[in-house]
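Trainee: Sequence and predicted structure are below.
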6 protein chains.
Amino acid sequence: MRGDGRKPNETRVITIERDYIKHAEGSVLITVGDTKVICTVTVEDKVPPFLRNSGTGWITAEYGMLPRSTGTRNQRESTRGKVGGRTMEIQRLIGRALRAVVDLKALGEKTLWLDCDVIQADGGTRTASITGAFVALADALHKHMKKGSLSSLPITDFLAATSVGIVNGQPVLDLNYPEDSAAAVDMNIVMTGGGKFVELQGTGEESSFSMDELQAMIGLGQQGVNSLIEKQKAVLGEDIVNLIAANAKTVQHT
Amino acid sequence: MRGDGRKPNETRVITIERDYIKHAEGSVLITVGDTKVICTVTVEDKVPPFLRNSGTGWITAEYGMLPRSTGTRNQRESTRGKVGGRTMEIQRLIGRALRAVVDLKALGEKTLWLDCDVIQADGGTRTASITGAFVALADALHKHMKKGSLSSLPITDFLAATSVGIVNGQPVLDLNYPEDSAAAVDMNIVMTGGGKFVELQGTGEESSFSMDELQAMIGLGQQGVNSLIEKQKAVLGEDIVNLIAANAKTVQHT
Amino acid sequence: MRGDGRKPNETRVITIERDYIKHAEGSVLITVGDTKVICTVTVEDKVPPFLRNSGTGWITAEYGMLPRSTGTRNQRESTRGKVGGRTMEIQRLIGRALRAVVDLKALGEKTLWLDCDVIQADGGTRTASITGAFVALADALHKHMKKGSLSSLPITDFLAATSVGIVNGQPVLDLNYPEDSAAAVDMNIVMTGGGKFVELQGTGEESSFSMDELQAMIGLGQQGVNSLIEKQKAVLGEDIVNLIAANAKTVQHT
Amino acid sequence: MRGDGRKPNETRVITIERDYIKHAEGSVLITVGDTKVICTVTVEDKVPPFLRNSGTGWITAEYGMLPRSTGTRNQRESTRGKVGGRTMEIQRLIGRALRAVVDLKALGEKTLWLDCDVIQADGGTRTASITGAFVALADALHKHMKKGSLSSLPITDFLAATSVGIVNGQPVLDLNYPEDSAAAVDMNIVMTGGGKFVELQGTGEESSFSMDELQAMIGLGQQGVNSLIEKQKAVLGEDIVNLIAANAKTVQHT
Amino acid sequence: MRGDGRKPNETRVITIERDYIKHAEGSVLITVGDTKVICTVTVEDKVPPFLRNSGTGWITAEYGMLPRSTGTRNQRESTRGKVGGRTMEIQRLIGRALRAVVDLKALGEKTLWLDCDVIQADGGTRTASITGAFVALADALHKHMKKGSLSSLPITDFLAATSVGIVNGQPVLDLNYPEDSAAAVDMNIVMTGGGKFVELQGTGEESSFSMDELQAMIGLGQQGVNSLIEKQKAVLGEDIVNLIAANAKTVQHT
Amino acid sequence: MRGDGRKPNETRVITIERDYIKHAEGSVLITVGDTKVICTVTVEDKVPPFLRNSGTGWITAEYGMLPRSTGTRNQRESTRGKVGGRTMEIQRLIGRALRAVVDLKALGEKTLWLDCDVIQADGGTRTASITGAFVALADALHKHMKKGSLSSLPITDFLAATSVGIVNGQPVLDLNYPEDSAAAVDMNIVMTGGGKFVELQGTGEESSFSMDELQAMIGLGQQGVNSLIEKQKAVLGEDIVNLIAANAKTVQHT
């Protein structure tokens, strides 16, 4: 039994509220237990210099935390005048993850800006950001498809992320902040609807872990991602789910 | 009749949700029409260098906008590596305004950090921040009083803020973003429960205004602030309202 | 009687020396009592991106203080690596104020850079900057008119600024630094030759002020601005004064 | 057969030159094929604020690339005024990795600064940095032990790192730059002498990978790390190797 | 004959106005032809960390140019967020030069801040800064001596600086901006009242110079510095001149 | 006899290893005693804005020190977020020096980036950088000539640099770090193969020097530079030496 009464392989309660910010092309408020993240997607009609005239699009992510999203107040990165290492690592991860399930050729010379802003933090903010950003991105691209600026939905599969770890010697799924602080090993797993890995980042926090522990964590991660993707499907609705499923099938056959 | 159907002297719908962020000593989500701001208050047991050993506390405010709180995406100030002029102007205003109704001597050597983060913007974000921050600050200080770290509630009066302006030649109250963009004059008014001015900032936007227009705007501002303070009172509840009212009386008599 | 022997409604001695810096299109040294500011105007033949191909010009202001313009040495903002909040607030104010009396359409796609550098400070540096910058700007634009790069003088009215406040319970005009430090209320007023307001920024410095005090301060401000504009006229000479007066009449009739 | 003639499970030629920089407590030049990194270790007699009076030490790493270590010149991060995301990610990884095999309690209130500077890059710079930094760190701590400022060698096990990936559908070990650029999956593996994982970072580069591919890559990584640790042992010599081996045994039994 | 009618060995007209800024302990406006620099000296009762508890003082200089001191407007270094290479070079030079004639032991644990701000530039701003800063520094230290916070005047000799160069094949003294732009060689010379060199910085501007040219330039520089020191003496007056002269004699004999 | 046994006019042992970094167009490792600097040259097919369409090329230098190239660790300039004054001074010197012997017109619209990175420091890093950069630059331009992108070798003469100083009252050549720290005067001399000066920077380190001392130092510097140029010629080989010698003759005759 875990600190908050969950079983080792049990995720926290997850909600995803679509169209949370009226201005953005796609936006959600995702809550994973007490972790709350606003994810918005902005579609811009240009690409970074290295992609100009390539016919190919790009996805870039930015991540932030409100100063008081955490137990003690964090100084703003704008006030400090620079983006910290942890933030950079997370926003690079989010961008890479989403690019793995978007057909950037089919997107054309557009940039998708994913903004993930944590308004309340209780562990797993980066994985919640990925899971939420996927839904916001599907919404944004679907709107563009409906209004004709995209001829198809350029999403090749579902994508979600969760964390696993070894806490008190036991592999557990979806760590909250007290568990994350106490974990000997911490692993973030990003997977597709088709069950393939996109990112796997395991860290012995000043410690190390065995092959058996690795296997156990991967197993839990697969369960967690599957349930998150079910949630995404329920929230997005049949139309979008069918379009993505069709793309995923095509991709597998090529 | 205004663009959104309001009368010239009519505010937008206002809601204030207390205890919005679980970690902060005081926190609200204030919505003024489509403008939504999270205000949190953090109490820190130290003061800036210029106040050390003075027995006096301090209030400092920071303000931010999520990149997609606006119609087109704004680059993050953390990414740009510096806080812009508009942000600085606003956070200085918020801090000054709240300091006018807090007895910093009675607060003792503590710093109150007010964080106002706009998650959706539709005009009037700085005045919504002040109005919301007042409630979060009252909550935070009341909690400290209840747990004994303050012997009284060091708030000397209510405080709220609104905007007024001249749009299409007509003085109007509580401008939304389309009105703000079209306004010939724009004025922010911060007032106390006792009807006194704390800040008055009127700007002819590349234009100018007459004494008559000034008087009309001030009149509307007084109405607007009064209704905001009624809202604050309804939300804060009798206990806190009575404590502040008692302080306000004492202050007037001295 | 005030600390320096002035009456409540009396300004300090004002001098404006034209053509103070040989390189600039327009430049003055303005002294208001012991406050001394060098104002220069540079005319650049391009505009910021948001105005390109609009046929419209722009005015942008920068403000600085020499490190030892003040009683204790201030660290340079270049050394600190960023422009502070107070500086940003002031330069935004100066730019906004001057844009109110320049016909940016008639200016065409030019940018006017106003640089206001305080070499000695004794209160009222921002209002002295506005008053001085107006003269430098008139000179710069008049030179451009004379050499044919402007077909008319695109200045629609005179403009000056002063500060008023409540010191020791008494409304006073044109505060010096000791008064400014002691003031319960501090207000900056920017007005046109036609007697209209361009900016009105009143601040209860951790305090508040009544409607009566507001009216008294505005009355003093009007007197102060009028005498400053008389000074500007005397310094600029008949030719330029007549051109601006003619423009001001036309504007009032439209 | 790979582009440079290696077999899939073959590492590049590795050399480690100790005492490369005369000033540093420990320093090596590590070459892995054409990748060359200077690793130095500096021992400082103080710790970051969060560890003061804890009796515990710290390890922090910094990573840099000379501008022309790469095929095209990279702008210096000092000139750009900030450390990029990739650099931050790498230096956080190096620090975390080394902390896993140093007994920070036994180190006491000292900070070890690891500086890894790439003078020539051909893929695998971060893993070469970790492998080289381990040797420099062992040297630096051994010197401190010999001169009496440490009572024992606070290293609990050997540590090395390598990269693996899927290139042209085939799992390969120790990717050079052309392979890294072409890889569909790229994984960095940090392991101890005892065969446990410290870090595992696998990335489908805008792609994804299956469980089978994951297993194959992990197998190759284990081989690679083993041969790197053999190299470290050969270079460090019997004395230091025996001290670390003894510590590693103790750790395993506790 | 030179462009402005001077002979090769003729300096421009020099004026030094003492007590130019009322707040500073020492301040001058120095004009060398059309070059005008405000030099202020601030005495601070602390020293940089590397001198704490050494009983020794320090001198540090900062240099700036107003944006429109030059023919075309320069962007402010505060706005650019960093101090440029040229500025750093100059302020390091000014600080080094003045430290050569101040007895830092006798000064005690004080820091002298020299601020040299160019308000109008026409070549030779760095040498004018040194020459002017010497006078401001003598004034500041003399005031401290008179009020008893220094027991003697810790200045060991006079100090002034000038520029020389090769223009159109001819060695000339005290280059103005057009000459400086056209010079094949440019040399700054800082010398003491006793005729010794403190700094000698000769630069073939994308060119080179012979031993004969070097000798000719040094000869001119000696003449120029001598006449500048005569000017300093005339301006400072007998009291201060005698104190410095006495110190200079003592130094020569030890 | 000096601390390391050298005679006053004796340089340290010098080695120059060409083609040290495989990616760069030209690169050397230069060692002067225990000072080691990697110099690389990158040829870029564009020029800074002020030279566009001028048909003229440019040379720009950057200089860095690895954090542990020195006795105590230096914080990285990338981490500090800005390039320090000493670095700027040095890289401006290196750039200026090399531009004096390259025919920028003959180079055409190309920029040569000289990167000088000190991996081990023991005094004289800036002069070693200049001496080494010359060889790397000759190599880079010779390669471009051989492959046809330059029709001739646009180098007009040899160039090397050394330091001289007054240590313990005696003029000495090529100061190492302990000598440099103890020197009363420190002078850097950059000269051409034809014996002309390019830069001469003499600094009395909080001290001053006489004309006799100046003459003695210049004499030593000439000897030092001559022996460095002999070394450069030996390393570069007959082909390149003859090309440069031919250019130098032509230049002297014009």
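Mentor: Sure thing, it's come through.
Trainee: how close does the spatially closest residue to A:A182 that is not a sequence neighbour get to C:V47?
Mentor: Counting by CB to CB, 6 or more residues apart in numbering or on different chains, A:A182 lies nearest to A:V167, which is 5.6 Å off, once chain neighbours are set aside. C-beta: built from backbone N, CA, C; applies to glycine. A:V167 sits 60 Å away from C:V47, going by CB to CB, to the nearest Å.
Trainee: how about the nearest residue to the residue of chain A found nearest chain E, chain neighbours excluded?
Mentor: Residue nearest to chain E within chain A (CB to the nearest CB): A:G81, separated by 8.9 Å. Nearest non-adjacent residue to A:G81, counting by CB to CB, 6+ apart: B:G81, 5.3 Å away.
Trainee: for A:A160, same thing?
Mentor: Excluding the flanking residues, the one nearest A:A160 by CB to CB, 6+ apart is A:L228, at 3.7 Å.
Trainee: so who does that neighbour touch?
Mentor: Counting by CB atoms under 8 Å, 6 or more residues apart in numbering or on different chains, A:L228 makes contact with A:T11, A:I14, A:T131, A:A160, A:A161, A:T162.
Trainee: So for A:K249, what's the pLDDT?
Mentor: pLDDT for A:K249: 88.
Trainee: Can you give me the end-to-end span of stretch A:199-215?
Mentor: 15 Å (CA to CA, to the nearest Å).
Trainee: pLDDT on that stretch, on average?
Mentor: 92.
Trainee: Give me the phi and psi angles of A:T42.
Mentor: Backbone torsions for A:T42, taken as degrees, to the nearest 10, come to phi -120, psi 130.
Trainee: The one 5 residues further on now?
Mentor: Backbone dihedrals for A:V47, given as degrees, to the nearest 10, come out at phi -130, psi 160.
Trainee: just to revisit the earlier point, B:R80 is in contact with the residue of chain A closest to chain E, correct?
Mentor: No. Judged on CB atoms under 8 Å, A:G81 makes no contact with B:R80 at a distance of 9.4 Å.
Trainee: what's the burial count for the nearest residue to A:Q223 once chain neighbours are set aside?
Mentor: Ranked by CB to CB, 6+ apart and with sequence neighbours excluded, the top spatial neighbour of A:Q223 is A:N9, at 5.7 Å. Applying other CB atoms under 10 Å in any protein chain shown, we find 15 other residues in the vicinity of A:N9.
Trainee: Secondary structure element holding A:N9?
Mentor: If you go by DSSP states H and E, A:N9 is not part of any helix or strand.
Trainee: Got phi/psi on it?
Mentor: With angles defined as degrees, to the nearest 10, A:N9 sits at phi -100, psi 20.
Trainee: do stretch A:33-44 and chain C meet?
Mentor: No. Figure legend: stretch A:33-44 not in contact with chain C (CB under 8 Å from any CB of the partner chain); closest approach 15.9 Å.
Trainee: how distant is that stretch from the center of its chain?
Mentor: Its chain's C-alpha centre and that of stretch A:33-44 lie 9 Å apart, by CA atoms, centre = their mean, to the nearest Å.
Trainee: correct me, but A:V102 touches A:P154?
Mentor: Yes. In this structure, A:V102 is within contact of A:P154 by CB under 8 Å, at 5.7 Å.
Trainee: The two: which is more packed in?
Mentor: A:V102 (24 against 20).
Trainee: list the contacts for that one?
Mentor: A:G57, A:I59, A:L112, A:L137, A:L141, A:P154, A:I155, A:T156.
Trainee: before we move on, what about A:F158?
Mentor: With contacts defined as CB under 8 Å, 6+ apart, A:F158 is in contact with A:V101, A:F134, A:T192, A:G193, A:I229, A:Q232, A:K233, A:I244, A:A248.
Trainee: Ignoring the adjacent residues along the chain, who's closest to the third one?
Mentor: What sits nearest to A:T192 in space, not counting adjacent residues and going by CB to CB, 6+ apart, is A:D157, at 4.3 Å.
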